[in-house]
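Student: Next input, structure requested:
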Amino acid sequence: MDLEFVCAHAGRRATALTRRDVARALLSVPSGLALVALPDLRRAMLAAGNALSPVFWESARRTLMLIESGQATVGEVQRWVESTGTEPILLMPTLQTPDYFIWPEEDERGPVSQEMYSRLVRHLEERVEAGDIDSDALLRGDPRARRAYEEMQERWLNTPLPDGRVPGFEVNDEQDEELMAFCDEQQVNALSELRRVLGGMPRRAELPAADLEAAATRLRVLLGQPGYPANVLRACAGFESLPMPDDDTELWLSVVAGIAGPVSDLSEDDDTVEEFTDLEGELRHEDTVLAELCAIQLADWLGAVTALTRLGPGVLASPERIARLIAESPDIDTGEIDMSDPDELRAGERLFTPVVTLWGHLGIVDADDVLTPLGWWGLPLALERAWSRKEW
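Tutor: Numbers count the residues shown, from 1 in each chain. As a prediction, this is how the structure comes out:
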């Protein structure tokens with residue numbers, strides 16, 4: 001660990017090294033080695049005509065000692081690197097909203113994030129050269145310097161580049177696209193596993209035509225009513241913007257599939273908008289239900305539906321039983337679920353409580369939360385439909 005190493009790590013000559021370059025190089029080797037090399041590195045930088053500042057070297061020594069003793073947190077080390085004056089803030093509060101702007105971790109940045117991150121580093125280096133950033137004040141923990149540093153970065157993130165792109169929007173759009181691609185891949189894998197499991201079952205349910213007709217008749221009446229649960233079911237199936245199918249099977253399966261994969265949000269009437277902008281108020285029951293449906297993992301749906309399909313009509317399908325079936329499922333990896341921990345099972349129960357309630361309105365379970373022949377026939381078909389919408 002010497003000056004030559006730091007130059008190679010940063011890709012710069014010694015006279016061009018910044019505090020950020022040196023900090024990142026020091027953190028790239030074991031802390032004990034960095035501490036031993038620190039005095040000689042400081043002398044070599046002085047001899048090269050790039051002495052940096054006493055405040056930086058003392059902060060480096062202090063941070064490395066905390067790391068070596070096991071007392072430094074990841075957040076403290078990250079804040080130290082940010083305080084060098086040219087490191088973008090990883091988790092930055094936006095000044096106009098209560099949200100945060102989050103840079104992806106270094107090994108998870110896509111091409112756009114890498115480009116914008118490098119552009120911001122160069123921008124901060126220019127501001128340091130111009131005297132607009134007081135790096136020593138940042139290293140001393142001056143709150144006013146930190147706030148000015150945050151404001152400078154937020155302005156840059158929201159200012160269009162010469163080509164018209166807005167850096168913050170570009171980074172967020174790329175992350176959204178990557179997340180959607182990941183979710184699509186997970187859904188494809190889940191659909192493949194569902195079809196594999198169902199294909200290996202010795203028997204499959206036949207359509208109980210009379211039960212479906214009766215359930216669809218009740219459902220059409222229910223969907224025409226105001227309030228919960230009709231508004232949630234309409235949102236799940238996308239019927240807030242799309243017409244309801246005339247065919248009973250299409251109608252019923254669309255709604256059941258929507259519970260496993262809601263198509264849209266609740267309609268935003270004036271009362272809803274006012275409610276969401278009232279930060280002191282509580283969410284409506286239907287908003288909470290829809291949020292809980294969206295929080296259920298694909299693996300949980302897979303474990304629940306395949307277990308109920310194997311067991312057949314007449315099996316108890318209460319939230320408590322479903323949570324246990326998921327924990328015991330041979331079709332999913334339950335390594336993170338501790339079956340001896342009642343809190344784990346209660347979390348599953350809470351998520352599936354609104355599901356079972358909605359299932360009751362659709363005839364999937366009866367008044368005692370017992371799986372019906374209609375539920376046995378329809379649940380696997382509806383889950384397959386929810387996960388294969390892109391194939392339609």
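Student: C-alpha only now, for contacts and for neighbours.
Tutor: Fine.
Student: Now do the helix or strand where residue 350 lies: which elements does it pack against?
Tutor: Element membership for residue 350, per DSSP states H and E: helix 342-362. Helices and strands touching helix 342-362, by 3 or more CA pairs under 8 Å, 6 or more residues apart in numbering; DSSP states H and E, are helix 209-223, helix 248-260, helix 285-295, helix 319-327.
Student: Next, name the residue at the spatial heart of the chain.
Tutor: Centroid check for the chain by CA atoms, centre = their mean gives residue 179 as the closest residue, at 7.8 Å.
Student: where does it fall, helix, sheet strand or coil?
Tutor: helix (DSSP: H, G, I helix; E, B strand; the rest coil).
Student: got it, and the one 10 residues further on?
Tutor: Following three-state DSSP, residue 189 is assigned to helix.
Student: CA atoms only for stretch 375-390, dumped as PDB, please.
Tutor: The C-alpha trace of stretch 375-390 is given here as PDB (Å, rounded to 0.1, in the frame of the first residue of the first chain):
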ATOM      1  CA  GLY A 375     -62.100 -23.000  -5.400                       C
ATOM      2  CA  TRP A 376     -60.300 -26.300  -6.100                       C
ATOM      3  CA  TRP A 377     -61.000 -25.900  -9.800                       C
ATOM      4  CA  GLY A 378     -60.400 -22.200 -10.100                       C
ATOM      5  CA  LEU A 379     -57.500 -21.300  -7.900                       C
ATOM      6  CA  PRO A 380     -54.700 -22.900 -10.000                       C
ATOM      7  CA  LEU A 381     -56.200 -21.600 -13.200                       C
ATOM      8  CA  ALA A 382     -56.500 -18.100 -11.800                       C
ATOM      9  CA  LEU A 383     -52.900 -18.100 -10.500                       C
ATOM     10  CA  GLU A 384     -51.700 -19.300 -13.900                       C
ATOM     11  CA  ARG A 385     -53.700 -16.500 -15.500                       C
ATOM     12  CA  ALA A 386     -52.300 -13.800 -13.200                       C
ATOM     13  CA  TRP A 387     -48.700 -14.900 -14.000                       C
ATOM     14  CA  SER A 388     -49.100 -15.300 -17.700                       C
ATOM     15  CA  ARG A 389     -50.900 -12.000 -18.600                       C
ATOM     16  CA  LYS A 390     -48.000 -11.100 -20.900                       C
END
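Student: how far out from the middle of the chain is it?
Tutor: 25 Å (CA atoms, centre = their mean, to the nearest Å).
Student: Which positions within that stretch qualify as buried?
Tutor: 375-387 (16 or more other CA atoms under 10 Å).
Student: burial count for residue 221?
Tutor: Burial of residue 221 is recorded as 10 neighbouring residues (other CA atoms under 10 Å).
Student: measure it to residue 208 for me?
Tutor: Distance check for residue 221 against residue 208: by CA to CA, to the nearest Å, it reads 20 Å.
Student: Now do the helix or strand that contains residue 174: which elements does it pack against?
Tutor: Per DSSP H and E: residue 174 is located in helix 167-199. If you count contacts as 3+ CA pairs under 8 Å, 6+ apart, helix 167-199 packs onto helix 111-129, helix 143-157, helix 298-311, helix 373-387.
Student: I'd like to know which elements the second one is packed against.
Tutor: What it means is helix 143-157. Applying 3+ CA pairs under 8 Å, 6+ apart, one finds that helix 143-157 contacts helix 135-139, helix 167-199.
Student: and the ones you listed, which is most packed in?
Tutor: Comparing the helices and strands packed on helix 143-157 by mean neighbour count (mean count of other CA atoms under 10 Å), helix 135-139 comes out on top with a mean of 21.
Student: tell me what that one is packed against?
Tutor: Contacts defined by 3+ CA pairs under 8 Å, 6+ apart place helix 135-139 against helix 54-68, helix 143-157.
Student: With mean neighbour count, distance to residue 329 and mean pLDDT as added columns, please give the ones you listed in JSON lines.
Tutor: As requested, the helices and strands packed on helix 135-139 are arranged in JSON lines below (neighbours: other CA atoms under 10 Å; distance: least, CA to CA, whole Å; pLDDT from 0 to 100):
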{"stretch": "helix 54-68", "mean neighbour count": "18", "distance to residue 329": "43", "mean pLDDT": "95"}
{"stretch": "helix 143-157", "mean neighbour count": "17", "distance to residue 329": "46", "mean pLDDT": "92"}
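Student: export those helices to CSV and tack on distance to residue 167?
Tutor: Output for those, formatted as CSV (distance: least, CA to CA, whole Å):
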stretch, distance to residue 167
helix 54-68, 30
helix 143-157, 5
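Student: what's the closest of those helices to residue 103?
Tutor: Residue 103 lies closest to helix 143-157 among the helices and strands packed on helix 135-139, at 11.2 Å (CA to CA).
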